[in-house]
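S.K.: coords please:
(2 chains)
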There are 2 protein chains.
Amino acid sequence: MKAKVIVMPKQSILDPQGVAVRDAVQHHGLPAVKSVRVGKMIEMELDGAFSEEQLHEVCRDLLSNPVIEDYQLVVE
Amino acid sequence: MKAKVIVMPKQSILDPQGVAVRDAVQHHGLPAVKSVRVGKMIEMELDGAFSEEQLHEVCRDLLSNPVIEDYQLVVE
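M.R.: Next comes the predicted model:
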């Protein structure tokens, strides 16, 4: 089984890495890119007993910083 | 318009960050997690003229390191 966790900076939080990437992309000749946000994609391979609640706990406690980031969990 | 770019370490490349996360998750009480890979998720807001080829160029030149990473581009 596979699980994907996407961790992105909250909308209300300034994302300096995203601003730097946006400026670089615009400078590279693509001014159509108006804003960029950079986050993490974490892919997990699972085998054995687990509950979705345990995965959410891991997302909250280890994989994201709930003060400045939101996460999205997709179990496939 | 939105574009998402997912940049992951190539399958054949050792991902030390993923190994560290896997060990932490197992230690946290979830031994069902057998392997973890950590990559980047880049969300772009687009407005104006652009071609998908230009976006692929940006992915190759700025957003990923083709030697050790693969990228996936999704335009929505």
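
S.K.: hey, let's count contacts and neighbours off CA atoms from now on
M.R.: Will do.

S.K.: following the longest helix along chain A, which helix or strand shows up next?
M.R.: If you go by DSSP state H, chain A has its longest helix at helix A:16-27. Per DSSP states H and E, helix A:16-27 leads on to strand A:33-46 as the next helix or strand towards the C-terminus.

S.K.: now for that following strand, which elements pack on it?
M.R.: Identification of packing neighbours for strand A:33-46 by 3 or more C-alpha pairs under 8 Å, 6 or more residues apart in numbering or on different chains; DSSP states H and E yields strand A:2-9, helix A:16-27, strand B:33-46.

S.K.: So which residues on chain A come close to chain B?
M.R.: For chain A, the residues in contact with chain B under the definition C-alpha under 8 Å from any C-alpha of the partner chain are A:6, A:8, A:24-25, A:28, A:30, A:32-50, A:54, A:58, A:62.

S.K.: Just the buried ones out of those residues, please.
M.R.: Among the residues of chain A next to chain B, those that count as buried by neighbour count (16 or more other C-alpha atoms under 10 Å in any protein chain shown) are A:6, A:8, A:24-25, A:30, A:32-44, A:46, A:58.

S.K.: and the longest helix of chain A, average pLDDT?
M.R.: The predicted model assigns helix A:16-27 a mean pLDDT of 97.

S.K.: Provide a list of residues in contact with the closest residue to residue A:37 other than its chain neighbours.
M.R.: Distance criterion C-alpha to C-alpha, 6 or more residues apart in numbering or on different chains; nearest residue to residue A:37, sequence neighbours excluded, is residue A:18 at 4.4 Å. When contacts are counted by C-alpha atoms under 8 Å, 6 or more residues apart in numbering or on different chains, residue A:18 touches A:35, A:36, A:37, A:38.

S.K.: Do me a favour and get the backbone dihedrals for residue A:12.
M.R.: Listed backbone geometry of residue A:12 is phi -80, psi -10, with angles given as degrees, to the nearest 10.
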